[in-house]
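1. model the following, please.
(2 chains)
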Amino acid sequence: QKEVEQNSGPLSVPEGAIASLNCTYSDRGSQSFFWYRQYSGKSPELIMFIYSNGDKEDGRFTAQLNKASQYVSLLIRDSQPSDSATYLCAVPRGYNNNDMRFGAGTRLTVKP
Amino acid sequence: DAGITQSPRHKVTETGTPVTLRCHQTENHRYMYWYRQDPGHGLRLIHYSYGVKDTDKGEVSDGYSVSRSKTEDFLLTLESATSSQTSVYFCAISEGGRSSYEQYFGPGTRLTVT
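-> The predicted structure follows:
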């Protein structure tokens, strides 16, 4: 079992819809969780982080964390074509916040 | 790219030659990281540094060494490059400390080993 798992996609949604991206992790000791967006040929860009159970909202983005079930999700409301990218989930290994493990990423396409 | 530069941005080298990649930051962040990104594997941590001359291994450290003699510079060396080290290499930085674990990435270096 990979330490951080994501559906590779591609996930395709129409413009204006909600895109839902999911991530599961194996290390119950992990304390912080990150979502990165990566456009093709570019470097990963941090878009959300969450440390506590529940929801965290930032503009059109909502991160949801459920430590008991070991999953973290990212919702993108009112999806735009500019949201088309690969989304990477990142989870530190245990209590070492420097030893970051990334999922392979979910490729999202938002169709006009 | 949060005040992070990487050099070179592209490099083609031959098997068996040494290669050094440089990461330079202007943010005065304590932590610096080297990752490689390959199709199907995502980003994998090679080494990281938690201060000048302080480094630790990551998930895929074999065949790589690092050095940090100044806060702003973190070097990644492939002592004898192999074709399996063909990849895109990203440097990242983070401030560290409580609630400051967010990592910010440089533009990347595309390395091809022939």
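2. just the strands in chain B please.
-> Along chain B, the segments classed as strands by DSSP state E run B:4-7, B:10-13, B:19-25, B:31-38, B:42-51, B:54-57, B:64-70, B:73-78, B:87-94, B:104-105, B:109-113.
3. can you put those in TSV and add mean pLDDT and mean neighbour count?
-> Every C-beta, even on glycine, is put in place using the N, C-alpha and C of the backbone. Shown next, in TSV, are those (pLDDT from 0 to 100; neighbours: other C-beta atoms under 10 Å in any protein chain shown):
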stretch	mean pLDDT	mean neighbour count
strand B:4-7	97	18
strand B:10-13	98	13
strand B:19-25	98	19
strand B:31-38	96	24
strand B:42-51	94	21
strand B:54-57	94	14
strand B:64-70	97	16
strand B:73-78	98	20
strand B:87-94	96	24
strand B:104-105	94	22
strand B:109-113	97	18
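4. quick one: the residue most central in space within chain B and B:Cys91, what's the gap?
-> The C-alpha lying nearest the average C-alpha coordinate of chain B belongs to B:Trp34 (C-alpha atoms, centre = their mean; 2.5 Å). Taken as C-beta to C-beta, to the nearest Å, the spacing of B:Trp34 relative to B:Cys91 amounts to 6 Å.
5. now do the strand ranked longest in chain A: which elements does it pack against?
-> What stands out as the longest strand in chain A, according to DSSP E, is strand A:85-93. The elements that strand A:85-93 packs onto, with contact taken as 3 or more C-beta pairs under 8 Å, 6 or more residues apart in numbering or on different chains; DSSP states H and E, are strand A:4-6, strand A:19-25, strand A:33-38, strand A:71-76, strand A:96-102, strand A:106-111, strand B:42-51.
6. 10 Å instead, please
-> Under the contact criterion of 3 or more C-beta pairs under 10 Å, 6 or more residues apart in numbering or on different chains; DSSP states H and E, strand A:85-93 touches strand A:4-6, strand A:19-25, strand A:33-38, strand A:45-50, strand A:71-76, strand A:96-102, strand A:106-111, strand B:42-51.
7. which one of those strands lies nearest to A:Ala85?
-> A:Ala85 lies closest to strand A:33-38 among those, at 4.9 Å (C-beta to C-beta).
8. now the angle between strand A:106-111 and the closest one, please.
-> Strand A:33-38 runs at 50 degrees relative to strand A:106-111, counting by axes from the mean of the first three to the mean of the last three C-alpha atoms, to 10 degrees.
9. gap between strand A:33-38 and the chain center?
-> For strand A:33-38, the distance between its averaged C-alpha position and the chain's averaged C-alpha position is 5 Å (C-alpha atoms, centre = their mean, to the nearest Å).
10. for that strand, packing partners?
-> When contacts are defined as 3+ C-beta pairs under 10 Å, 6+ apart, strand A:33-38 packs onto strand A:19-25, strand A:45-50, strand A:61-66, strand A:71-76, strand A:85-93, strand A:96-102, strand B:42-51, strand B:104-105.
11. of those, which is nearest B:Gln6?
-> Ranking the helices and strands packed on strand A:33-38 by their distance to B:Gln6 (criterion: C-beta to C-beta) puts strand B:104-105 first, at 9.5 Å.
12. what lines up beside that closest one in the sheet?
-> Strand pairing for strand B:104-105, determined by DSSP bridges: strand B:87-94 (antiparallel).
13. quick check: phi and psi on A:Asp83?
-> Per-residue torsions, A:Asp83: phi -80, psi -10 (degrees, to the nearest 10).
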